[in-house]
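Visitor: what follows is a predicted protein model with its sequence.
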Amino acid sequence: MEEPWPMKGYGRQYGILIYLRRYGDDLAGFQKLKVLNLVPLPQGKLPIGTRWVFTNKKDDSGVIIRDKAHLVVKGFYQQEGINYEEVFAPVARLEVIRILLAYTSYMNFTVYQMDVKTAFLYGKVKEEIYVC
């Protein structure tokens, strides 16, 4: 699947507006939750690189309904013991989700689903991480 490039298919002025709007969602989330601060790099610290990933959100028929941009860390540059100690992602097992849904159906409960746009920004990190 080809990922979109921010300026592709747009005139210069319109392309710049689209480009800034895409970046704005992630940057606004960083500012709102105070998870990113601009600081000088301390001596002896190595920053981890970042890059922007562009995607399109599509509806069921494949029509693009929204452009998205996410700032991601190039985690493959990290070294164990230097940048991190352990890595894990708390994810519910499929069996647990099935049991939960079966129970809610049995008890005739209503199930609500939601999406948190900036969920990854709510995690707590003990270490200081420097990115560039």
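Guide: It's in.

Visitor: what ranges does the chain have for its helices?
Guide: Secondary structure of the chain (DSSP state H): helices located at 12-33, 94-106.

Visitor: tell me, what residue is most central in this protein?
Guide: Nearest to the mean C-alpha position of the chain, by C-alpha atoms, centre = their mean, lies H70 at 5.6 Å.

Visitor: beta-bridge partners for that one, please?
Guide: V53 (DSSP bridges).

Visitor: what separation is there between it and F30?
Guide: 11 Å (C-beta to C-beta, to the nearest Å). In this view, the C-beta of every residue, glycine as well, is placed from N, C-alpha and C.

Visitor: V87 too?
Guide: 22 Å.

Visitor: those two: who's more crowded?
Guide: Under the neighbour definition other C-beta atoms under 10 Å, V87 and F30 were set side by side, and F30 has more, 15 against 8.

Visitor: now that one. Nearest residue, chain neighbours left out?
Guide: Leaving aside its chain neighbours, F30 sits nearest to L36 (4.1 Å; criterion: C-beta to C-beta, 6 or more residues apart in numbering).

Visitor: was I right about that neighbour contacting A28?
Guide: No: with contacts counted by C-beta atoms under 8 Å, L36 stays clear of A28, the gap being 11.2 Å.

Visitor: before we move on, back to that, pLDDT value on the residue nearest to F30, please?
Guide: Listed pLDDT for L36 reads 76.

Visitor: below-threshold pLDDT in the chain: ranges please.
Guide: 1-26, 82-84, 88, 117-123 (pLDDT under 70).

Visitor: try 50 this time
Guide: 1-3, 7, 10-13, 16 (pLDDT under 50).

Visitor: and L36 and A28? Which one has more around it.
Guide: More neighbours surround L36 than the other of L36 and A28, with 15 against 12 (other C-beta under 10 Å).

Visitor: next, give phi and psi for the more buried one.
Guide: phi -140, psi 120 (degrees, to the nearest 10).

Visitor: gap between it and R66?
Guide: According to C-beta to C-beta, L36 and R66 sit 23 Å apart.

Visitor: next: E95.
Guide: From E95 to R66 the distance is 33 Å (C-beta to C-beta).
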